[in-house]
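S.K.: Below is the sequence, then the predicted model.
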Amino acid sequence: MTNSETPISEAVATRRTFAIISHPDAGKTTLTEKLLLYGGAIVSAGQVAARRRARQATSDWMQLERERGISITSTVLQFPYRGHTLNLLDTPGHQDFGEDTYRTLLAADSAIMLIDAAKGVEPQTKKLFAICRARRIPLFTFINKMDRPTRDPIELLDELESVLGIGAQPLFWPIGNGPSFRGVYDRRSREVHLFERTEHGAKRAPVRVTDLDDPTFAELADSATYAEFRDGLDLVEGAGHEFDREAMLRGDATPVFFGSAVTNFGVELFLDAFIDMAPPPVARLALYAGAEEAVRLQPDAPQFSGFVFKIQANMDPRHRDRIAFVRVCSGRFERDMTVRNVRSGKDVRLTRAVKLFASEREVVDEAYAGDVLGLANPGSFAIGDTLCDGASLAFEAIPAFEPEYFASVRNVNAAGYKSFQKGIAQLSEEGAIQVFFTPEAVRSEPIFAAVGELQFEVVKYRLESEYNVAVELYRLPYTLARRVHGKPATGDASWPSSAKLVEDALGRPIALFESEWSLRLAEEWNPAVRFGPFSENVVEVAS
């Protein structure tokens, strides 16, 4: 049976589309690399912290990411494993890029929550978990860095339940920690998996499989490590922590795995378990043109549909291209097919869709629900756009986060004005920053608005490295942005000295305030004007 004859339902059943969430430095980039290693997508994993790097981290494609050893963009890594197609949506690890992470989670069907075994649940983990909980995204917990001194595993389970309010159901149990870490016990198969270290963890870890009754098992660990392992396992078995898949799919429980990404201990076991337990693509709410209520569009429905959850400029610096990332939600994508962009109402022929692997790409002939397509974007697509054939429909809008930091931007070299304008237009299109302008003024010194301060540094770096534009940024005292409904630009509105009226790229009025007090004052002075949340977003479905 050829690919084009494969029933949609069969293809969808083999898809696993997931993201990884964690606090910075929990080992997200390293785990991503090791999943690719065991998935056969790469032959040698490049650790972020390795002293002797044979290569850079595959998932970190931007030069600034490689220089600083952090993930500040999201990317897509598709690879086959055990007859399945895995779509790994790599997310930014830094908290200042939470908006990008949020949009990526909208495209995922499940998520891996990475926990540092020495630190437990950390602040950024709690924030990202809250997003997953609100959307009922099934979570798999991987407690990492068991090769270092750790907290007690029972204590870590208790923290997951008490801090996050989710049932923690351990499927692996660790044998030792730090230098004494020897492997894991798989509670499902009742097998002991003992690992050997490899140089820098760049290759697959040799594994020896045995059982609890093997006398040589006890001899491989010191008496204290073995006794601690048996005591902990007895507690877990006695507590009745049995895996409940339905509770996981509801977001009420999470299976827990222990391991060490840097040494490869437990990674392949985890990947195998994930394939067996993770959900395939699920139905999504869609509103059809003329309908009053949304319906659940099944992933194996014949109608093709998808939505744009990310736009990235200059993934290939040689071509200065822009790529729109589209999560396929239903139907079958076929090369050269024509779809409608519901927002613009225009038909678009998808002649050169690509499969992405970090910055690399490969032309795609067909794709199914759960897959992510990269579409060349000459300005036709925006974040949140729904693409479909047949009857027009729209998926739920992707909200914009409230910016909390603001800065004025000046182009140092007037000769580079066109490149400056092109750069800010394309970077704002990505959603990394919001760009505002003073009404009825030349748009030569825009105002940048961001969720986190590091975004300013990244945008400045990218303007200089990707557009050859030198800029200066000056922090502004504003902390709030509100959409303005009424007629504030007629001269009738009164503004506190600690407020400023600006407009976005579409000319819509935005008010900036230094404090809540300044906002309340503006509301009192202008009762006919409504100051709405910045995240207000209305999507109409074109018929």
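M.R.: Yes, it's here. Keep in mind that this is a model prediction, so the values were computed, not measured.
S.K.: Please count neighbours and contacts with C-alpha atoms only from this point.
M.R.: Fine.
S.K.: Relative to the whole chain's centre, how far out is the longest helix seen in the chain?
M.R.: Residue-count comparison of every helix in the chain, with assignments taken from DSSP state H, identifies helix 223-239 as the longest. Centre-to-centre, helix 223-239 and its host chain are 36 Å apart (C-alpha atoms, centre = their mean, to the nearest Å).
S.K.: what mean pLDDT does it have?
M.R.: Averaging the model's pLDDT scores along helix 223-239 yields 91.
S.K.: now do stretch 133-152
M.R.: Stretch 133-152 carries an average pLDDT of 96.
S.K.: cool, and stretch 466-475?
M.R.: Over the span of stretch 466-475, the pLDDT mean works out to 93.
S.K.: Can you tell me what sits against that stretch?
M.R.: The contact list for stretch 466-475 (C-alpha atoms under 8 Å, 6 or more residues apart in numbering) reads 314, 317, 320, 405-413, 416, 419-420, 423, 460, 463-464.
S.K.: buried sites along that stretch?
M.R.: Neighbour counts over stretch 466-475 (16 or more other C-alpha atoms under 10 Å) mark 466, 467, 469, 470, 471, 473 as buried.
S.K.: Quickly note the distance from residue 508 to residue 381.
M.R.: Here the distance between residue 508 and residue 381 works out to 20 Å (C-alpha to C-alpha, to the nearest Å).
S.K.: the more surrounded of the two?
M.R.: residue 381 (25 against 13; other C-alpha atoms under 10 Å).
S.K.: which ones are touching that one?
M.R.: Residue 381 sits next to 308, 324, 341 when contact means C-alpha under 8 Å, 6+ apart.
S.K.: in the sheet, who's paired with the first one?
M.R.: Yep, that's residue 308 we're talking about. Residues found in beta-bridge contact with residue 308 (criterion: DSSP bridges) are residue 326.
S.K.: Quick check, pLDDT for it.
M.R.: Residue 308 carries a pLDDT value of 96.
S.K.: for the chain, what helix or strand is lowest in average pLDDT?
M.R.: Evaluated with mean pLDDT, DSSP states H and E, the helix-and-strand set of the chain has its lowest mean pLDDT in helix 63-68, which scores a mean of 50.
S.K.: Pretty sure residue 221 sits against residue 183.
M.R.: No. When contacts are counted by C-alpha atoms under 8 Å, residue 221 is not listed as touching residue 183 (10.2 Å).
S.K.: Comparing those two, which shows the higher neighbour count?
M.R.: For the pair residue 221 and residue 183, the greater number of neighbours falls to residue 183 (27 against 17), based on other C-alpha under 10 Å.
S.K.: beta partners for the closest residue in space to that one that isn't next to it in sequence?
M.R.: On the basis of C-alpha to C-alpha, 6 or more residues apart in numbering, the spatially nearest residue to residue 183 that is not a chain neighbour turns out to be residue 194, at 4.5 Å. Beta-bridge pairing of residue 194, defined through DSSP bridges, involves residue 183, residue 208.
S.K.: Skip ahead from the helix or strand hosting residue 461 and say which helix or strand is next.
M.R.: Secondary structure here is read from DSSP states H and E; on that basis residue 461 sits in helix 454-466. Past helix 454-466, heading to the C-terminal end, the next element that is a helix or strand (DSSP H and E) is strand 471-476.
S.K.: and after that following strand, which helix or strand comes next?
M.R.: strand 480-485.
S.K.: just checking, what packs against the next helix or strand along the chain from that next one?
M.R.: As assigned by DSSP H and E, the chain's next helix or strand after strand 480-485 is strand 499-503. Helices and strands touching strand 499-503, by 3 or more C-alpha pairs under 8 Å, 6 or more residues apart in numbering; DSSP states H and E, are strand 509-513.
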